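Trainee: pasting the sequence and the predicted coordinates here, then a few questions.
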Amino acid sequence: MLKESTYQTPCGTIHYWSSILRLDTTTLVFLPGLTADHRLFDKQVEHFVKKYNIIVWDAPAHASSWPFRFEFDLFDKAKWLNGILEKEEIIKPENLVYKKPTLMNDNPMHYCPGCSHGVVHKLIAEVIEEMGMEDKTIGVSPVGCAVFAYNYLDIDWQEAAHGRAPAVATAIKRLWPGRLVFTYQGDGDLACIGTAETIHALNRGENITIIFINNAIYGMTGGQMAPTTLVGMKTATCPYGRDVAIHGYPLKMTEIAATLEGTAYVTRQAVHTVPAIRKAKKAIRKAFENSMNGKGSNLVEIVSTCNSGWKMTPQASNDWMVEHMFPFYPLGDLKDKE
């Protein structure tokens, strides 16, 4: 019923079994867990084999895929599985549904599990590739959680002093007007240390895009209160909650930006659901296109979570964001100067 085949790796030989009905149908891949072999899924294979393509393996260093050197990690296993799918011609250009952006390399990200940064990085990479601007894009990374963004996106980057990314981006864009120039900043970097640089760059109508990650906290340095921290929200520096009488009100930078003459497109999005991710990607694309078409400054705020700083699970953080952040920072376009 299933044909046994092998796939050679630097660490040893992987044995797998397959039944390929036709290349235009769904393929089911069964991956036995620790200590199990391919026979674990015999009943499932028997049920599905006449309807779908089937691939099942003995995992590296298991059963028939032994001996095998323990010099591999999960990334290697993913690459080898991908190689098997290519060998069986399951992965072909005409069958492609999704692929990782080529601008995103394989460096493991340092962000906390559940962080929004990784999703936004992916959207930026996708938009740059779709615009064909891979070799003409310059990002300006801040001081903050995204200080190492250059480790993950293979474009040109310039590091900026804390809060000064819009000023650096202004210089780059004026010297190289044919380049796609954007900054990537958190709320502390943009709305506190860099308030002046942000407002004046936007007001001048510099043809740049600012990606603004708003998680209402200083995530990298210990969870201190940020300019965007909500009233009543607890942080390391306001453990009893933000008190208006002491700390003032949260700063709505995006609303301020929408009033400035130099801004062309100002929007607030999120990336907590698939529909939200799609809207955020469209917003980033529009902002990048505006900056290349000389329409002025663009600000894309992404309302985000910081589950480590908020002391919540990723899911609880998303729920809290929807319940508390969205009413104060409502999503949608605030300005669109066509």
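Mentor: The structure has been received and is ready for your questions.
Trainee: contacting residues around the longest helix along the chain?
Mentor: Among the segments of the chain that qualify as a helix by DSSP state H, the longest is helix 274-292. Defining contact as Cβ atoms under 8 Å, 6 or more residues apart in numbering, one finds that helix 274-292 is touched by 119-120, 123-124, 126-128, 130-131, 133, 173, 180-182, 207-209, 211, 264-265, 267, 269-271, 296-300, 302, 331, 333. Every residue, glycine included, has its C-beta placed from N, CA and C.
Trainee: confirm that Ile55 sits in a strand.
Mentor: Yes: under the criterion used here (DSSP: H, G, I helix; E, B strand; the rest coil), Ile55 sits inside a strand.
Trainee: how about stretch 16-29: buried residues?
Mentor: Applying a neighbour-count criterion of 16 or more other Cβ atoms under 10 Å, one finds Tyr16, Trp17, Ser18, Ser19, Thr27, Leu28 buried in stretch 16-29.
Trainee: give me the buried entries from the contacts of helix 274-292.
Mentor: When burial is judged by neighbour count using 16+ other Cβ under 10 Å, the buried members of these are 119-120, 123-124, 126-128, 133, 173, 180-182, 207-209, 211, 264-265, 267, 269-271, 296-300, 302, 331.
Trainee: now, which of these lie within strands?
Mentor: 180-182, 209, 211, 264-265, 267, 269-270, 297-300, 302 (DSSP state E).
Trainee: for the stretch 51-200 of the chain, just list every one of the strands.
Mentor: Secondary structure of the stretch 51-200 of the chain by DSSP state E, counting those that start in this stretch: the strands cover 53-57, 137-141, 156-159, 180-186.
Trainee: tell me the most buried of those strands?
Mentor: Neighbour counts averaged per stretch over those are highest for strand 180-186, at a mean of 28; criterion: mean count of other Cβ atoms under 10 Å.
Trainee: how many residues are close by Val49?
Mentor: If you count neighbours by other Cβ atoms under 10 Å, Val49 ends up with 15.
Trainee: tell me the contacts of it?
Mentor: By Cβ under 8 Å, 6+ apart, Val49 lies in contact with Met1, Leu2, Ser19.
Trainee: give me the number of residues near Asn203?
Mentor: Around Asn203 sit 17 other residues, with neighbours defined as other Cβ under 10 Å.
Trainee: same question, His324
Mentor: Neighbouring residues of His324 were enumerated by other Cβ under 10 Å; the total is 14.
Trainee: can you confirm it is in a helix?
Mentor: Yes: for His324, which was evaluated using three-state DSSP, the result is membership in a helix.
Trainee: nearest residue to it other than its sequence neighbours?
Mentor: Closest residue in space to His324, ignoring its immediate chain neighbours: Leu230 at 6.2 Å, by Cβ to Cβ, 6 or more residues apart in numbering.
Trainee: if we can go back for a sec, can you put the contacts of Val49 in a markdown table and add pLDDT?
Mentor: As requested, these are exported to a markdown table (pLDDT from 0 to 100):
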| residue | pLDDT |
| --- | --- |
| Met1 | 78 |
| Leu2 | 93 |
| Ser19 | 95 |
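Trainee: one step back: isn't the residue nearest to His324 up against Cys238?
Mentor: No: at 10.5 Å, Leu230 does not count as touching Cys238 under the criterion of Cβ atoms under 8 Å.
Trainee: what about the two, which has more around it?
Mentor: For Leu230 against Cys238, the residue with the higher neighbour count under other Cβ under 10 Å is Leu230, and the figures read 20 against 16.
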